[in-house]
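Model the following, please.
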Amino acid sequence: MPSPRSSFLLFLLAVSPVSMIAAASEQTPARVTIQGNVAPALQDATFVNHSDPNAVLTIVVGLKLHNESEFTDLLNRLYDANSADYHRWITPADFLAKFSPIQSDVDAVRQHLESHGLTIKRVSDNRVLVEATGTVAQIEEAFAININAYKLGAETHYSNDRNPSVPSSLKDVVESVTGLSSLEKMHHTSNFEESPAAAVTYTPLEIATIYNFPSSLNSFHGKTVYDGTGVTIALATADTYLTSDVDYFWTYFAIQRTGTLTNICVNGCTSTLAYEPTLDVEWSGAQAPGANLIVYEVPSSSFSDFSLMFSQMASDNSAQVVSISYNACESNVGQSVMKTENASFSQMAAEGITIFAGSGDYGAYDCDTKQLKIGFPASDPDLTAVGGTTLNATAQYRYKSESAWTYSGGGASSYFAKPSWQVGPGVPSNKKRDIPDIAFDADENTGQYTYYEGEWYSGFGTSYGGPNMAGYWALVLEALKGKSTGNVAPLFYQLGASTSYKMDMHDVTTGNNGAGIGPGYNAAKDWDYTTGWGSLNGTKALSYFEKNP
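Have a look, this model is predicted:
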């Protein structure tokens, strides 16, 4: 029997009994087009038919920030050590009062949607997003588009055929519209094989030892150890996990968890199990057993669901560290959607939240083509992008060497400008945001154990960098007595340019990220497009972070 979701998709893709409607084929000067809201994959898809006009869709409209230039100035001051505002983090209430879209803008969007028969489902707490439901016909009319069925490979999708438009009165209000296409989605940055498929598969204790984390898991730890007590880590993920899996994982490796584990469903709960949330919970919870974990779950990997989740994380302001293990090629996301999601990331940065994200698993070619591209949200300058390596250790699990994993995402952004702090030996002098910032074990030949649906697997991918680094950073924050550090990417560039670099980090100088597609980029001395500054010597680096909070 088909699932409710598959039945819905069949209903949505049903051939209309009437000829295809050209929704608003002639736009009047009274409308303005919202650019960057057509899935690039549409150009490779084949038209099938016009979607059933009575099928129901859910969309999310992103609104532009209020006083945006003032917010940018504040964000710069928050990270300027010479400013009186340095690390004087704001609250969600501050953001709402000064920088959120104003209520009249929300009302104007609501009025436009409701005038075309759509029902408002919710307005995000920070007023950046308006979620609504309506029929295909109502949405086509509201945004002057056609929503059609298209064939892409073996799959059939629905998608808008052009960029949406809105009345010119909303020109300075609407930033983006998501949910118009099933071609739009995020991808997890992890893979797995039945264990022990990898040549080497590491445990949490071995990883903590090799990277010299300041915790009791490290076999050679020093006098002072931490477990993340008092720190909360938030995990951004789609689908869900089995509590029995994560409990068994921690018990098997003698992880004495004292922190709490809480799930928050955004836009509805789901019972669909997935490998990604499982590894995120297992590894972040293992590296910081005293830290509290909040798992933010969405029922799909659509851009709209992820936008709602990031917005809620910013408004909740419940965690000091965030891990994101999902990614999409920048050009597939589109500039308007990246701008909308950046509003949430910038809010989190202004609130003092540290975010780590895997840089992607397609090397220098994140669109899986021969064009040099990178992934989002790792490319966002308010995040720290974690690339991938092949990790080698001694028989006693002392650090030996690393080389760049060929699938480590890295390159120059096509959208984000280079932030002022992204300078240092090896950093390109271009004007674009470059990633990754740092790196972590990701190779399938040096995998990491994960217990999923009652079975052991050897996992790999840059997904493992996010939760492991989030766990490590919880240790750092405990050492800093709970002081929030916010966006720590600038701190890594400060460290990379310092005399402490050779002691506190492992400079990765071999390998490339061609991913079997092309030449990619080569690892090199100091910063490079494959591993950034390299990986951390955890306990050594902690001394630097304590001196430069």
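
send the alpha carbons of stretch 201-214 over as PDB?
Once non-C-alpha atoms are left out, stretch 201-214 reads as follows in PDB (Å, rounded to 0.1, in the frame of the first residue of the first chain):
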ATOM      1  CA  THR A 201      37.300   2.200  12.000                       C
ATOM      2  CA  TYR A 202      37.700   4.500  15.000                       C
ATOM      3  CA  THR A 203      35.900   4.600  18.300                       C
ATOM      4  CA  PRO A 204      35.000   7.800  20.200                       C
ATOM      5  CA  LEU A 205      37.800   7.100  22.700                       C
ATOM      6  CA  GLU A 206      40.300   6.700  19.800                       C
ATOM      7  CA  ILE A 207      39.300   9.900  18.100                       C
ATOM      8  CA  ALA A 208      39.500  11.800  21.400                       C
ATOM      9  CA  THR A 209      43.000  10.300  21.900                       C
ATOM     10  CA  ILE A 210      44.300  10.900  18.400                       C
ATOM     11  CA  TYR A 211      43.100  14.500  18.400                       C
ATOM     12  CA  ASN A 212      44.200  15.000  22.000                       C
ATOM     13  CA  PHE A 213      40.800  16.200  23.300                       C
ATOM     14  CA  PRO A 214      40.900  17.600  26.900                       C
END
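
Which parts of the stretch 151-300 of the chain are strands?
With DSSP state E, counting those that start in this stretch applied, the stretch 151-300 of the chain shows strands at 155-160, 165-167, 174-178, 187-188, 191-194, 200-202, 232-238, 261-265, 292-298, listed in chain order.

what does stretch 540-549 contact?
Taking contacts as Cβ atoms under 8 Å, 6 or more residues apart in numbering, the residues outside stretch 540-549 that touch it are 87, 212, 214, 475-476, 479-480, 483, 485, 491, 494-495, 498, 500, 503-505. Heads up, the C-betas are built off the backbone N, CA and C, glycines and all.

Please compute how far it lies from its chain's middle.
Put simply, stretch 540-549 sits 26 Å off its chain's centre (Cα atoms, centre = their mean, to the nearest Å).

now stretch 378-397
Going by Cα atoms, centre = their mean, the spacing between the C-alpha centre of stretch 378-397 and its chain's C-alpha centre is 16 Å.

And the helices in the stretch 351-500 of the chain, which stretches?
Secondary structure of the stretch 351-500 of the chain, counting by DSSP state H, counting those that start in this stretch: helices at 465-479, 489-496.

can I get those helices in TSV with distance to I120, mean pLDDT and mean neighbour count?
Output for these, formatted as TSV (distance: least, Cβ to Cβ, whole Å; pLDDT from 0 to 100; neighbours: other Cβ atoms under 10 Å):
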stretch	distance to I120	mean pLDDT	mean neighbour count
helix 465-479	34	98	28
helix 489-496	36	98	22
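
Which one, of the ones you listed, ends up nearest to P101?
Each of these was checked against P101 via Cβ to Cβ, and the shortest separation belongs to helix 489-496, namely 26.9 Å.

what packs against the closest one?
The helices and strands touching helix 489-496, judged by 3 or more Cβ pairs under 8 Å, 6 or more residues apart in numbering; DSSP states H and E, are strand 384-393, helix 538-547.

Return the most buried member of the ones you listed.
For these, ranked by mean neighbour count under the definition mean count of other Cβ atoms under 10 Å, the leader is strand 384-393 at a mean of 28.

Tell me which strands that strand pairs with, and in which orientation.
Each strand pairing with strand 384-393, determined using DSSP bridges, is listed with its direction: strand 354-358 (parallel), strand 399-404 (antiparallel), strand 438-441 (parallel).

can you list the helices and strands packed on helix 489-496 in CSV and add mean pLDDT?
Supplementary listing: the helices and strands packed on helix 489-496 in CSV, determined by pLDDT from 0 to 100:
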stretch, mean pLDDT
strand 384-393, 98
helix 538-547, 96
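
Just put these in JSON lines and tack on distance to D105.
What follows is the helices and strands packed on helix 489-496, written out as JSON lines (distance: least, Cβ to Cβ, whole Å):
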{"stretch": "strand 384-393", "distance to D105": "32"}
{"stretch": "helix 538-547", "distance to D105": "40"}
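
one step back: turn the strands paired with strand 384-393 into JSON lines, including mean neighbour count.
Written out in JSON lines, the entries for those read as follows (neighbours: other Cβ atoms under 10 Å):
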{"stretch": "strand 354-358", "mean neighbour count": "31"}
{"stretch": "strand 399-404", "mean neighbour count": "20"}
{"stretch": "strand 438-441", "mean neighbour count": "29"}
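
Out of the ones you listed, flag the one nearest K64.
Closest approach to K64 among the strands paired with strand 384-393 (Cβ to Cβ): strand 354-358, 22.1 Å.

residue ranges of the strands in the stretch 1-150 of the chain, please?
According to DSSP E, counting those that start in this stretch, the strands that the stretch 1-150 of the chain contains are 31-33, 46-50, 56-63, 119-123, 129-135, 147-152.
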